[in-house]
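In: Provided below for reference: sequence and predicted model.
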Amino acid sequence: MSKVIGIEYTLKDAKTGEQLDSNVGQAPLEFVSGKGQIIPGLESKLVEMSANEEADVLVQPVDAYGEYNEEAVQTLPKEQFAGIELVEGMSLYGTGEHGETVQVVVKSFNDAEVTIDYNHPMAGRTLMFTVSILSLRDATEEEIQTGVVGGMAAMGGGCCGGGGHSHGGCGTEDHGHSHGGGSCGTEKPQSHGGCGCH
C-alpha cells in the first residue's frame with residue numbers, strides 16, 4: 001500500500017559537509033511512496049520509518065542523481081543562446097529530444113561558443129539527509145492513481161510540496177538517455193517542489 005509521507009529534512013554533501021538544501025521551519029515535503037517522486041536511496045529508507053522517527057540517511061550517487069558523466073557536457077554555437085544574458089554557473093531550461101524538460105548549467109562561454117552541462121547539479125555527490133517523519137498515512141485511491149498528495153484537488157500545486165526547486169536544483173531527470181539536440185531557454189518548468197523530488 002502506498003503511503004503519504006511528510007518529512008522535514010536537511011541535505012548536506014556527505015564529503016564536504018556543505019549544506020545543499022533544507023525545509024526546516026517550512027512546510028513539510030510530502031510525497032506518495034512508490035511513485036518515483038524522490039530519489040530511490042532516500043525513499044527506500046523513509047518507507048521503513050515510523051511517524052516522528054528521525055534518521056540520518058547516506059545516499060550514494062548511484063541511488064541519487066547518478067555518477068557525473070563527462071559525455072553530458074556539450075559545446076554549442078552561441079547563436080543558439082541569442083537573447084539570453086549568459087552567466088557562468090547559471091541554469092537554463094529547455095526541451096530535450098524526447099520532449100522532456102531538461103536543465104543545463106552554463107560551464108563557460110566565449111564570443112563563439114557556449115559549453116553546457118546536462119548532468120544534474122548533484123550528479124556524482126554522496127548525499128547525507130537528516131530527516132524527520134512529520135506525517136505518515138495510507139494514500140487514498142485517488143492519490144495512488146494521480147501520484148499527487150491530495151489527489152485532483154491539489155493538481156495545481158506540484159507533486160511534492162513547497163521546496164522551490166524545479167526539475168533542476170534538487171529534482172531529477174532520467175539520466176539514461178541522450179540529451180543532444182535540445183533547445184535552451186531561461187523559462188523554468190512547472191515546479192515539482194522539494195529536494196529529492198523527480
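Out: Alright, I've got the coordinates.
In: and Ala123, what is it in contact with?
Out: 61, 65-69, 175 (Cβ atoms under 8 Å, 6 or more residues apart in numbering). C-betas here are computed from N, CA, C, even on glycine.
In: now Val24
Out: Going by Cβ under 8 Å, 6+ apart, the list of residues near Val24 reads 8-10.
In: mind giving me TSV with those residues and columns for distance to Gly124?
Out: Below are the contacts of Val24 laid out as TSV (distance: Cβ to Cβ, whole Å):
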residue	distance to Gly124
Glu8	26
Tyr9	20
Thr10	20
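In: buried ones among those?
Out: The neighbour-count test (16 or more other Cβ atoms under 10 Å) marks 8-10 as buried among the contacts of Val24.
In: for the residue nearest to Val131 when sequence neighbours are not counted, give me the pLDDT.
Out: Using Cβ to Cβ, 6 or more residues apart in numbering and skipping residues adjacent in sequence, the residue nearest Val131 is Tyr9, 4.7 Å away. pLDDT, Tyr9: 98.
In: which elements pack onto the helix or strand hosting Tyr9?
Out: Secondary structure from DSSP states H and E places Tyr9 in strand 3-13. On a contact count with 3 or more Cβ pairs under 8 Å, 6 or more residues apart in numbering; DSSP states H and E, strand 3-13 meets strand 19-22, strand 29-32, strand 127-138.
In: report the angle between it and strand 127-138.
Out: 170 degrees (axes from the mean of the first three to the mean of the last three Cα atoms, to 10 degrees).
In: buried set for strand 3-13?
Out: Residues of strand 3-13 classed as buried: 3-12 (neighbour count, 16+ other Cβ under 10 Å).
In: how about CSV for these, with distance to Ala55 added?
Out: As requested, these are arranged in CSV below (distance: Cβ to Cβ, whole Å):
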residue, distance to Ala55
Lys3, 16
Val4, 19
Ile5, 13
Gly6, 15
Ile7, 10
Glu8, 12
Tyr9, 10
Thr10, 12
Leu11, 13
Lys12, 14
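In: any idea which of these is closest to Ile84?
Out: The nearest member of these to Ile84, counting by Cβ to Cβ, is Leu11 at 29.2 Å.
In: much appreciated, bye for now.
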